[in-house]
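Q: Everything below, folded, please.
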Amino acid sequence: MLGVSDARISVISLYYYIKIIREIYIKSPLNEGMELPVPYLDRVSLTLFLVIIVAGGVYPTLLSDFIQSATDVVISSELIRVI
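A: Below you'll find the predicted structure:
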């Protein structure tokens with residue numbers, strides 16, 4: 001009985017996912033060709049985050065070494081000893 005309800009839920013979910021995909025790719029947007037302006041600071045920050053994510057994926061030890069050294073500095077600082 002559980003398998004039947006799982007299959008039913010999967011079919012219902014698939015229906016809604018197909019509706020979303022149809023809206024995204026098949027239906028034409030109302031404001032076709034209209035570009036959304038992105039501020040310069042947002043572009044810079046998004047590019048920086050993209051570089052960090054790609055660098056962390058390509059060379060994860062660089063990121064983990066940085067996190068470890070930052071953790072060592074925070075743990076060994078006087079601020080932690082006061083609290």
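Q: can you list the domains in this structure?
A: In terms of domains, the chain is parsed into 1-29, 39-83 (source: automatic domain parsing).
Q: for the helix or strand where residue 68 lies, packing partners?
A: Take DSSP states H and E as the rule and residue 68 turns out to sit in helix 60-76. Contact here means 3 or more Cβ pairs under 8 Å, 6 or more residues apart in numbering; DSSP states H and E; on that basis helix 60-76 packs against helix 40-58. C-beta here means a position set from N, CA and C on the backbone, and glycine is covered the same way.
Q: in stretch 41-60, what counts as buried?
A: Going by neighbour count (16 or more other Cβ atoms under 10 Å), nothing in stretch 41-60 comes out as buried.
Q: So what touches it?
A: Around stretch 41-60, the neighbours that count as contacts under Cβ atoms under 8 Å, 6 or more residues apart in numbering are 62-63.
Q: which SS class is residue 35?
A: Look at residue 35: counting by DSSP: H, G, I helix; E, B strand; the rest coil, its state is coil.
Q: if we can go back for a sec, need the domains of the chain in JSON lines (columns: mean pLDDT).
A: As requested, the domains of the chain are arranged in JSON lines below (pLDDT from 0 to 100):
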{"stretch": "domain 1-29", "mean pLDDT": "81"}
{"stretch": "domain 39-83", "mean pLDDT": "85"}
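Q: got the angle between the helix holding residue 68 and helix 40-58?
A: Here helix 60-76 runs at 110 degrees with respect to helix 40-58, directions being taken by axes from the mean of the first three to the mean of the last three Cα atoms, to 10 degrees.
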